[in-house]
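Chemist: Build me a model from this:
(2 chains)
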Amino acid sequence: MNAMLSRVADSLYWMSRYLERADHVARQLDVHLTIVTEQAVDAARRRRRRLITCLVDEKEHAAAESSDYELADLLTFDEDNPSSIVNCIAAARENARQVREQINSQMWEQINQMHLTVRSQPMQSLWNGQPHSFYHWINQEVYRFQGITDSRITRDQGWHFIQIGRYLERASETADSLNVDFRELYASGLEIDAIDQQTYLDWVGLLRGCAAYEAYSKVYAANVQPRHIVEFLLLNPNFPYSVHFGINRIQSSLQVVGEETETPKSARVYRLGGRLRAMLDYAQVDEIMESGLGSYLLNIQNQCGQIHQAIYETYIAYSIEDKLKAA
Amino acid sequence: MNAVGRVTATDDVRFAAYELDDAYDEMFTPEGVPRPHYSSLFDRLLDLSPAELEMRQQTADLSFLHQGVTFTVYSDARGTERIFPYDLLPRIITAGEWETVERGLIQRITALNLFLHDIYHKGQILADRVVPFDLVYSSKHYRREMCGLDTPHGVYVAVTGTDLIRLTDGRFAVLEDNLRVPSGASYMLANRQVMKRIFPGLFSLYGVRPLEFYGQALQNTLAALSPASPDETTIVLLSPGVYNSAYFEHTFLARQMGIPLVEGRDLAVHDNTVYMRTTAGLRRVDVIYRRIDDDFIDPLIFRKDSMLGVAGLFNAYRAGNVTLANAVGTGVADDKAVYAYVPAIIRYYLGEEPILPNIETYQCADPKERGYVLANLDKLVVKAVGESGGYGMLVGPHSTVEERETFRSLIEANPRNYIAQPTINLSRAPCFLDGRVEARHVDLRPYILYGKRVTILPGGLTRVALRRGSLVVNSSQGGGSKDTWVLNW
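Modeler: Purely as a prediction, here's the structure:
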């Protein structure tokens, strides 16, 4: 039996989730600021509104809806927005700080430097002058952290909780982007094969925002079709940002954690993961589109929530009385 | 005091403000010539331009910031954190000087452990009137809950950080015994790591004794005190949590030892056994290296309002199912009024003369000595007996009339709570400040580990009073620190 403090598992999980979120927000903004330069005023406003829906808890942000500067500020530096990049990095770093003796010094130094640097004057000026370089920097720093993690950390439970945090966050973000973009763009009466230049930019934006455009093009050539996008972002088992890939990784990690802890209840968590995995394993994109993408994605989101809940009940926030009775 | 002398070995402008007077100078003889073990450092300093030194200082500061060797100024979302001021120049101690320090510390800690065992059992030393019993029983750190309780191998103080100072004749003397939860070992280790990167050449040239083994030595010390068999022992470090100013140290030491850092909320006691909450369920804990004061470890026995401790912990401890290091109630032996009796305690238990001298101490509880103290408040240092960290202290020569009057009424209201000592001219060591080399007062805190045997780290934390003329080295009072080199020669 391998033991790890429940509080440590909790912190590693959230450290990883918050960092993944910072990475996602930075990429979305980077893509957005590139795309709006070519978009009509209306399309740009709708795009901003969709980003707010996906990335902010509090949905009313009139100023951010009408200005890219305000939007970027809200999502990057706003102290009151829990999902702003600086807050995500601060939260990730705070979680890392709580488990400093568990992660290695290189991981800590990387996340600490990121936290100290992102608020520095030079980075503020960079954001003002060259936002693309700023967001690129964020993405690079997060990759660097994940690279240090993957190349140095022992593959014990801690690593698996980091994986679970990363992929649950990623899967739910990809599902969220798909959902919000399809609701607006697809429902606006477009034939699947007839994409106009304006919405073309938005579909490409969806792929780029999920770090998927180049990988997508290798599979489908430069043929941007909503149906293919769904197939790729939702069902492709080999692309690291797809929902299916994420669920596979979560399921493998849950298996290891279950085996290492020998906790009787782990079977339940594993079953929940397995159910979602099977659902994606055998899904057909046409059937999904026919029966309604929105409800399908909602179902995935709910199942992700259940997995999160079950992990907490089994490994982290369990009742001590129950454990004493069992022992 | 003599007139202020000057460094005669150089007319380099960087040494222009270097003070030499009565205080023992670590680097220079009274004639202003570098001592033999400092001469290589002195030459190196003359070689390096101020700009180069400045650059190295910045590298060091940045390294501390990035490693997070910081303390929290106030905890807000932005987490304002400062580094502890670090001085670039090492403090150097020769093998000969260290040999005396080491023997003196082993003698002292051995006697203090015997004293603690005695006063919590038969109290022979009190019956023999060597130490007044009312002094012990009136100490606020005396814990009657500890009476008759046996600690593993009779060890009460597993980790000590004794504060030493150097007298004007160059001898080391003991200023304070820190027997409760002494801190600072991580800064000693972090200073060393940075130093090796900043002055690699000088470092290897000198032949400095290594400190790297501290984590393992501490782990072995704790394991030796376990009630369980060594293979099955689980050791944890109990921290108050991330908002504690020493949190960096807790994580650092836990990582060095490879043990979990736990908070009170991670532990639970059932049937007098301590468990920690893990992903695989509850797991038994055998040794707790606790970095929480006695008052807070168990709300059922000590402070009821403590959120940091674990209910039931003390009973598990009494039952012998878990070891606390340090033991509960060790503070009675570092009470500043008991301190005055340590030479007598050494003679009583070991039949030896103390190797390291004490500082002369006046007990305000004694009417005659109190009279002397009250008449000489402007010359003495007055300390509250149960405090640490430089709090509750009056430095007579640097005090105002109002401060002295405040202490006069405090002493008269509660004489047992105060002692006084002559103002000691602590030794000075060279420090790199604003592009110049200046002398600042320093002390030394070596770390002593006591498990199956006594282990002393060669060196310790040298604390520096960075303000010119100041004698207070505590980090909470504007002090900094520097690396301490104990040489092989």
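
Chemist: Within range of chain B, give me the residues from chain A.
Modeler: Residues of chain A found near chain B (C-beta under 8 Å from any C-beta of the partner chain) are A:1-9, A:79, A:87, A:90, A:94, A:97-98, A:100-102, A:105, A:108-109, A:112-113, A:116, A:119, A:157, A:257, A:260-263, A:315-316, A:318, A:320, A:323-324, A:326-327. The C-beta positions use only the backbone N, C-alpha and C, and glycine is treated the same way.

Chemist: What strand or helix carries the residue most central in space within chain A?
Modeler: Centroid-nearest residue in chain A, with C-alpha atoms, centre = their mean: residue A:170, separated by 2.7 Å. Using DSSP states H and E, residue A:170 sits within helix A:157-181.

Chemist: the longest helix in chain A is where?
Modeler: helix A:6-35 (DSSP state H).

Chemist: That helix packs against which elements?
Modeler: On a contact count with 3 or more C-beta pairs under 8 Å, 6 or more residues apart in numbering or on different chains; DSSP states H and E, helix A:6-35 meets helix A:41-55, helix A:68-76, helix A:85-98, helix A:131-152, helix A:157-181, helix A:197-209, strand B:273-278.

Chemist: What lies in contact with the second one?
Modeler: Yep, that's helix A:68-76 we're talking about. The contact list for helix A:68-76 (C-beta atoms under 8 Å, 6 or more residues apart in numbering or on different chains) reads A:25-26, A:28-29, A:32-33, A:36, A:44, A:48, A:51-52, A:55-56, A:61, A:63-65, A:81, A:83-86, A:127, A:131.

Chemist: And chain B, what are its domain boundaries?
Modeler: For chain B, automatic domain parsing gives the domain ranges B:97-189+B:210-350, B:362-422.

Chemist: looking at these, which is closest to residue A:272?
Modeler: Nearest of the domains of chain B to residue A:272, taken as C-beta to C-beta: domain B:97-189+B:210-350 at 17.0 Å.

Chemist: so what pLDDT did residue 293 get?
Modeler: Looking at chain A here, since you left the chain open. Model confidence at residue A:293, given as pLDDT, is 94.

Chemist: that's the wrong chain, I wanted chain B
Modeler: As predicted, residue B:293 sits at a pLDDT of 93.

Chemist: mind listing what it touches?
Modeler: So residue B:293 contacts B:180-181 (C-beta under 8 Å, 6+ apart).

Chemist: Apply 6 Å and report the result again.
Modeler: For residue B:293, the contact set (C-beta atoms under 6 Å, 6 or more residues apart in numbering or on different chains) is empty.

Chemist: longest single helix anywhere in chain B?
Modeler: In chain B, assigned by DSSP H, the helix with the most residues is helix B:95-119.

Chemist: hmm, back to that, inside helices: which ones of the residues of chain A next to chain B?
Modeler: Per DSSP H, helices hold the following members of those: A:6-9, A:87, A:90, A:94, A:97-98, A:105, A:108-109, A:112-113, A:116, A:157, A:257, A:260-261, A:320, A:323-324, A:326.

Chemist: Derive a ChimeraX selection command for the buried subset of those residues.
Modeler: In ChimeraX syntax, the buried subset of these is picked out as below (16 or more other C-beta atoms under 10 Å in any protein chain shown):
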select /A:6,7,8,9,87,90,94,97,98,108,109,112,113,116,157,257,260,261,323
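
Chemist: Low-confidence ranges, the stretch 101-250 of chain A, go.
Modeler: The stretch 101-250 of chain A contains residues with pLDDT under 70 at A:187-195.

Chemist: Identify the residue of it closest to chain B, quick one.
Modeler: residue A:101 (3.7 Å; C-beta to the nearest C-beta).

Chemist: Give me the neighbour count for the residue lying closest to residue A:149 once chain neighbours are set aside.
Modeler: Excluding its sequence neighbours, the residue lying closest to residue A:149 (C-beta to C-beta, 6 or more residues apart in numbering or on different chains) is residue A:107, at 5.9 Å. With neighbours defined by other C-beta atoms under 10 Å in any protein chain shown, the count for residue A:107 comes to 21.

Chemist: repeat for residue A:38
Modeler: By other C-beta under 10 Å, 11 other residues sit near residue A:38.

Chemist: And it, what's its pLDDT?
Modeler: Confidence at residue A:38, expressed as pLDDT, is 89.

Chemist: which of the contacts of helix A:68-76 are buried?
Modeler: Buried subset of the contacts of helix A:68-76 (neighbour count, 16+ other C-beta under 10 Å): A:25-26, A:28-29, A:32-33, A:36, A:44, A:48, A:51-52, A:55-56, A:61, A:64-65, A:81, A:83-86, A:127, A:131.

Chemist: coming back round to it: and of the helices and strands packed on helix A:6-35, who's closest to residue B:200?
Modeler: helix A:131-152 (24.6 Å).

Chemist: what's the pLDDT at the nearest residue to residue A:317 once chain neighbours are set aside?
Modeler: If the residues on either side of it in the chain are set aside, residue A:317 comes closest to residue A:6, at 7.4 Å by C-beta to C-beta, 6+ apart. Looking at residue A:6, its pLDDT is 95.

Chemist: Residue A:6 contacts residue A:318, doesn't it?
Modeler: No: shown here, residue A:6 and residue A:318 do not form a contact pair, counting by C-beta atoms under 6 Å, at 7.7 Å.

Chemist: distance between the longest helix of chain A and the chain's centre?
Modeler: The chain centre lies 6 Å from the centre of helix A:6-35; the measure is C-alpha atoms, centre = their mean, to the nearest Å.

Chemist: what about the closest residue in space to residue B:29 that isn't next to it in sequence, neighbour count?
Modeler: Residue nearest to residue B:29 in three dimensions, not counting chain neighbours: residue B:35, with 6.1 Å by C-beta to C-beta, 6+ apart. Residue B:35 has 15 neighbouring residues, counting by other C-beta under 10 Å.

Chemist: now do the one 4 residues further on
Modeler: For residue B:39, the number of neighbouring residues by other C-beta under 10 Å comes to 13.

Chemist: pretty sure it is in a helix, no?
Modeler: Yes: counting by DSSP: H, G, I helix; E, B strand; the rest coil, residue B:39 falls inside a helix.

Chemist: Would you quantify the distance from it to residue B:5?
Modeler: Using C-beta to C-beta, to the nearest Å, residue B:39 is found at 18 Å from residue B:5.

Chemist: Could you do residue B:147 as well?
Modeler: Relative to residue B:5, and taking C-beta to C-beta, residue B:147 is found at 55 Å.

Chemist: and the residue lying closest to residue B:100 once chain neighbours are set aside, helix, strand or coil?
Modeler: Closest residue in space to residue B:100, ignoring its immediate chain neighbours: residue B:355 at 6.5 Å, by C-beta to C-beta, 6+ apart. At residue B:355 the chain is in coil, as set by three-state DSSP.

Chemist: What is the neighbour count of residue 115?
Modeler: In the absence of a named chain, this looks at chain A. For residue A:115, the count of nearby residues is 21 (other C-beta under 10 Å).

Chemist: my question was about chain B
Modeler: Number of residues near residue B:115 (other C-beta under 10 Å) recorded here: 24.

Chemist: residues touching residue A:176, list them.
Modeler: With the criterion set at C-beta under 6 Å, 6+ apart, residue A:176 makes contact with residue A:54.

Chemist: Kindly report the same for the one 5 residues further on.
Modeler: Contact partners of residue A:181, counting by C-beta under 6 Å, 6+ apart, are residue A:206.
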